[in-house]
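Undergrad: curious how this folds, go ahead:
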Amino acid sequence: MQINEINVSPVKPNNGLVAFASCVIDNWLYLGSIGIFTKLEGGYRLTFPTKKIADKSINLFHPINRLKGNEFQEVIINKYEKVMNQQNDRHHSATN
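TA: Predicted coordinates for the structure are as follows:
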């Protein structure tokens, strides 16, 4: 699985949500609206979009293979951490 064109958009933290992510899988499948949330015990977790129909939430997409799902999560969270580190570096440079 090749994960390309990863975009992370940080948001004002809200109930653990810190960013949204999107990416392209194997140069042909776009996935968007992936939530990045903080975990109470530290670290991050991903959530995938759903559509509410009547009283049910239907998954639009999500990993079905734990190994690939963990790989996917690691790549997205690494990108999020890189984006946040770059923002912090820019902020520190601007204030010094």
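Undergrad: give the buried residues for stretch 71-84.
TA: Neighbour counts over stretch 71-84 (16 or more other C-beta atoms under 10 Å) mark 72-73, 76-77, 79-80, 83 as buried. All C-beta atoms are positioned from the backbone trio N, CA, C, and that covers glycine.
Undergrad: burial of E41, as a residue count?
TA: By other C-beta atoms under 10 Å, 5 other residues sit near E41.
Undergrad: what about the helices in this structure?
TA: 66-95 (DSSP state H).
Undergrad: show me where pLDDT drops low in it?
TA: 90-96 (pLDDT under 70).
Undergrad: give me the longest strand you can find in it.
TA: Longest strand in the chain by number of residues (criterion: DSSP state E): strand 3-14.
Undergrad: flag every buried residue along it.
TA: Result for strand 3-14 [16+ other C-beta under 10 Å]: buried residues 3, 6, 8.
Undergrad: and G35, what are its bridge partners?
TA: Beta bridges link G35 to F20, T47 when assigned by DSSP bridges.
Undergrad: what about it, distance to D26?
TA: According to C-beta to C-beta, to the nearest Å, G35 and D26 sit 22 Å apart.
Undergrad: equivalent analysis for N70, please.
TA: Distance of N70 to D26, given as C-beta to C-beta: 18 Å.
Undergrad: ok, the residue nearest to I36 when sequence neighbours are not counted - how many residues close by?
TA: Once flanking residues are discounted, I36 sits nearest to A19: 4.3 Å by C-beta to C-beta, 6 or more residues apart in numbering. When neighbours are counted by other C-beta under 10 Å, A19 registers 21.
Undergrad: for I58, same thing?
TA: Neighbours of I58 under the rule other C-beta under 10 Å: 9.
Undergrad: what about the nearest residue to it once chain neighbours are set aside, neighbour count?
TA: The shortest distance from I58 to any non-neighbouring residue, by C-beta to C-beta, 6+ apart, is to K51 (5.0 Å). When neighbours are defined as other C-beta under 10 Å, K51 has 9 of them.
Undergrad: all set now, cheers.
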